[in-house]
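Undergrad: Take a look and give me a structure for this.
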Amino acid sequence: MGAGVGILLPALLLAYYQITTKLDTEIDLRVRVPMQQYADVLASGVAVAIWNVDRAVAAELVEAVMRNPDVASVTVTDEYKEVFVRRQNLTPARSEILREERFVTYNNSRVGQLSIELTTTRIEKELRDNLMKLVAAIVAQVAISFAFIWLLFDHRIVRPLHELKEGALRLARGNLDQPLQWHRRDEIGSLAGGLDKMRADLGTLLAERDQKNRTLQQELAERLRTEEALNLSRAKFSAIFDASPVAMTVSALGGDFALRDLNAAWVNLFGRSREAMLASPDAELAVWKSAQDRSTVMDALARTGEVARQVSWMVGDAGQRDILCEVSGRVIAHGEEPLLILAYEDITAKHRYEENILALNASLEQRVALRTQELSSALDHLTTAQTELVRTEKMAALGSLVAGIAHELNTPIGNSLTVASTLQDQTKAFVTEMGRGLTRSRLEEYVGTIQEGAGILMRGLRHAADLVSSFKQVAVDQTSINRRRFDLRETVNEILLTMGPAIRKTNHVVECTIPDGIRLESYPGPFGQILTNLVNNALLHAFEGMEQGLVTISAVRLDADWVAVSVQDNGIGIPDHNLSRVFDPFFTTKLGRGGSGLGLNIVYNLVQDVLGGSITVSNVSANNGACFTLTLPVSAPVQPDPPHPD
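TA: Now for the predicted structure:
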């Protein structure tokens with residue numbers, strides 16, 4: 001089964017890879033390329049129809065494209081984004097839709113937009129059927145191959161191995177008389193010959209083993225009689241030795257100080273078994289952390305016959321734990337052989353307690369200073385990041401302001417230039433007629449033309465001058481943090497004037513209902529940035545799925561010292577679970593679609609830190625929009641040494 005899966009799985013994966021590769025190629029050749037061609041042909045074909053407002057011609061062109069069953073929909077909109085022609089076919093719910101868009105231009109002017117969508121359902125169905133046929137063929141081929149291989153494998157390998165298994169079982173049961181006979185000259189024959197040779201060798205070894213066992217049994221009986229006498233003598237000493245609560249060892253004096261015995265207290269202290277310690281001559285060396293300390297203790301015992309309270313580090317639990325011990329010892333006579341008795345007292349807890357107190361006292365002041373430095377550094381980094389974010393947002397607002405003013409100035413200056421060129425042509429014609437003789441009616445006509453042109457020029461240039469004045473004031477405010485006295489209604493209208501182009505790109509309306517007479521001693525630059533961010537936030541988030549929305553800016557004087565400014569929309573509102581998070585940095589519901597998550601956080605910081613006020617957000621009612629309320633002091637707090645804007 002495993003071999004069959006091993007053969008079938010790569011074949012299926014390769015077939016799947018070929019089909020998916022072919023699917024991408026087919027989609028490119030049969031969907032994407034025709035879609036681009038349709039888009040190019042329709043974009044050039046419907047341009048004249050849109051220009052002449054001939055929906056019938058445009059519909060015929062679209063119907064010709066819709067004959068392709070892969071075309072899902074074709075939408076043609078005019079320059080006002082209103083649908084000019086739209087056709088669509090029914091498509092399965094889960095089909096993949098490819099989309100191509102083109103701007104429709106006529107005489108180098110954009111008159112509309114074309115959107116064409118094609119589905120890949122038909123191609124995917126064809127390739128899916130091909131995949132199923134290919135999989136069925138591969139499965140059948142693998143099944144036939146596997147059956148043939150299995151028959152050959154059973155005859156050449158499985159049956160011979162079964163016979164070898166029976167021979168091996170006979171050897172395991174000790175039946176060494178029946179030989180293994182095999183006449184094949186392949187690897188299995190070599191294996192059978194090896195098993196038969198092992199059978200003969202095992203017979204020889206078993207005979208030798210029986211002879212040695214008889215000899216060992218005789219030697220063992222003699223040894224047992226000798227050890228029985230020794231055990232009786234040791235029993236008395238061991239009873240006293242093991243009952244001692246102090247960890248103790250008995251070693252030979254001289255040479256390597258070989259370990260002869262140890263008590264239960266020593267086993268509990270060092271976590272090593274008695275059998276392992278007594279079995280290895282060098283096991284006692286591993287208990288000492290320093291070989292020099294052991295040499296010092298042993299040399300002192302060899303010279304003086306005793307040692308008292310020698311402090312040394314030892315190793316317990318097979319190297320897992322260090323133990324500080326006070327080692328005491330004495331040399332005693334035991335027959336003709338002197339023995340060394342050592343006692344070990346664990347003082348690790350006491351020593352570490354003293355060390356911890358000393359280390360804590362030494363490092364406490366250093367840790368406090370280091371932590372203070374880390375917190376100061378983190379605060380500096382956060383302050384720098386906040387300043388940089390405010391500066392970046394301010395420059396972005398100023399760039400949008402410049403673009404808006406340039407768009408606004410284009411109309412009055414263009415009109416003035418047209419009138420001026422017309423007056424210039426009229427003056428040239430008038431001078432020419434003066435040489436041929438001038439009538440009273442012609443003079444009156446010329447004077448009337450000059451007066452009318454001058455009036456148009458004055459109105460256009462006065463409008464441009466008003467725009468420049470507003471731009472100059474707003475630009476100065478947004479690039480500085482200067483504190484001055486200003487009228488709230490006039491400042492809001494100037495800011496909305498600079499935002500006019502961006503607002504007119506949408507179908508939404510922003511209106512100001514602030515009454516006259518509310519004057520603030522504050523910072524108009526940060527206030528303008530706050531208002532711009534709030535309006536942009538409403539245009540981006542509030543009217544999703546709505547054709548036209550309304551943003552209302554209002555203000556009311558709370559008392560002599562405070563003013564409440566509200567920015568309210570009639571959109572979809574803010575979900576209740578997001579109300580507490582809208583001012584968090586990097587929180588946005590449109591990440592990658594126009595939202596950065598910084599706008600409202602900057603608004604919150606400017607209101608709190610610069611204007612000295614507060615800001616709250618709430619939903620007006622269910623599905624009836626959100627309202628941001630700024631509570632600002634009439635006289636903002638003076639900012640000490642404000643930084644110069646970049």
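
Undergrad: Okay, residue 545 and residue 628: tell me how far apart.
TA: As defined by C-beta to C-beta, to the nearest Å, residue 545 lies at a distance of 21 Å from residue 628. Where you see a C-beta, it was placed from the backbone N, CA and C, and this is true even at glycine.

Undergrad: oh sorry, the question was meant for residue 615
TA: Residue 615 sits 6 Å away from residue 628, going by C-beta to C-beta.

Undergrad: Strands of the stretch 101-250 of the chain, start to end?
TA: Here the stretch 101-250 of the chain has its strands, by DSSP state E, counting those that start in this stretch, at 109-119, 247-252.

Undergrad: I meant the stretch 451-600 of the chain, not that one.
TA: 484-487, 509-512, 519-522, 550-557, 562-569.

Undergrad: out of those, which comes closest to residue 209?
TA: Ranking the strands of the stretch 451-600 of the chain by proximity to residue 209 (C-beta to C-beta) places strand 562-569 first, at 99.5 Å.

Undergrad: Just the buried residues of the closest one, please?
TA: For strand 562-569, burial by neighbour count (16 or more other C-beta atoms under 10 Å) applies to 563, 565-569.

Undergrad: Kindly indicate which of those residues lies nearest residue 200.
TA: So of the buried residues of strand 562-569, ranked by how close each gets to residue 200 (C-beta to C-beta), first place is residue 569, at 100.2 Å.

Undergrad: isn't the closest one right up against residue 626?
TA: Yes - look at residue 569 against residue 626 with C-beta atoms under 8 Å: they come within range, at 6.2 Å.

Undergrad: Common neighbours of the two, please.
TA: Common contacts of residue 569 and residue 626, defined by C-beta atoms under 8 Å, 6 or more residues apart in numbering, comprise 538, 542.

Undergrad: Using PDB, write out the CA atom coordinates for stretch 220-240.
TA: This file holds the C-alpha atoms of stretch 220-240, laid out as PDB (Å, rounded to 0.1, in the frame of the first residue of the first chain):
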ATOM      1  CA  LEU A 220      31.700 -19.700  43.800                       C
ATOM      2  CA  ALA A 221      31.000 -22.200  46.600                       C
ATOM      3  CA  GLU A 222      34.400 -21.500  48.100                       C
ATOM      4  CA  ARG A 223      34.000 -17.700  47.900                       C
ATOM      5  CA  LEU A 224      30.600 -17.900  49.600                       C
ATOM      6  CA  ARG A 225      32.100 -19.600  52.600                       C
ATOM      7  CA  THR A 226      34.800 -16.900  53.000                       C
ATOM      8  CA  GLU A 227      32.300 -14.000  52.500                       C
ATOM      9  CA  GLU A 228      29.900 -15.400  55.100                       C
ATOM     10  CA  ALA A 229      32.500 -14.900  57.800                       C
ATOM     11  CA  LEU A 230      33.400 -11.400  56.700                       C
ATOM     12  CA  ASN A 231      29.700 -10.300  56.500                       C
ATOM     13  CA  LEU A 232      29.200 -11.300  60.100                       C
ATOM     14  CA  SER A 233      32.000  -8.900  61.200                       C
ATOM     15  CA  ARG A 234      30.800  -6.100  59.000                       C
ATOM     16  CA  ALA A 235      27.100  -6.300  60.100                       C
ATOM     17  CA  LYS A 236      27.900  -4.800  63.500                       C
ATOM     18  CA  PHE A 237      29.900  -1.900  62.100                       C
ATOM     19  CA  SER A 238      27.300  -1.200  59.400                       C
ATOM     20  CA  ALA A 239      24.400  -1.000  61.900                       C
ATOM     21  CA  ILE A 240      26.100   1.800  63.800                       C
END
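
Undergrad: Give me the residues contacting it.
TA: Stretch 220-240 has contacts (C-beta under 8 Å, 6+ apart) with residue 261.

Undergrad: So for it, mean pLDDT?
TA: Mean pLDDT, computed over stretch 220-240, is 76.

Undergrad: same deal with stretch 280-291?
TA: So the average pLDDT for stretch 280-291 ends up being 78.

Undergrad: For it, which residues meet the burial criterion?
TA: Neighbour counts over stretch 280-291 (16+ other C-beta under 10 Å) mark 284, 287-289 as buried.

Undergrad: Show which residue of the chain lies farthest from the average position.
TA: residue 437 (85.7 Å; C-alpha atoms, centre = their mean).

Undergrad: distance of that one from residue 248?
TA: In this view, residue 437 and residue 248 are 146 Å apart by C-beta to C-beta.

Undergrad: quick revisit: per-stretch mean pLDDT over the strands of the stretch 101-250 of the chain, give me the minimum one.
TA: Mean pLDDT per stretch puts strand 247-252 lowest among these, at a mean of 83.

Undergrad: what sits up against that strand?
TA: With contacts defined as C-beta under 8 Å, 6+ apart, strand 247-252 is touched by 241, 257-263, 265-266, 268-270, 284, 337, 339-346.

Undergrad: From the residues you listed, keep the buried residues only.
TA: Using 16+ other C-beta under 10 Å as the burial test, the contacts of strand 247-252 include 241, 257, 259, 261-263, 265-266, 269-270, 284, 339-344, 346 as buried.

Undergrad: In helices, which of the residues you listed appear?
TA: Using DSSP state H, 241, 265-266, 269-270 are the members of the buried ones among the contacts of strand 247-252 that sit in helices.

Undergrad: By pLDDT, give me the weakest of those residues.
TA: pLDDT across those is at its lowest for residue 241, which sits at 74.

Undergrad: Quick check: that one touching residue 261?
TA: Yes - look at residue 241 against residue 261 with C-beta under 8 Å: they come within range, at 6.7 Å.

Undergrad: roughly how far apart are residue 627 and residue 378?
TA: When residue 627 is compared with residue 378 (using C-beta to C-beta), they lie 36 Å apart.

Undergrad: For the two, indicate the residue with more neighbours.
TA: Counted by other C-beta atoms under 10 Å, residue 627 and residue 378 do not tie: residue 627 has more neighbours, with 18 against 10.
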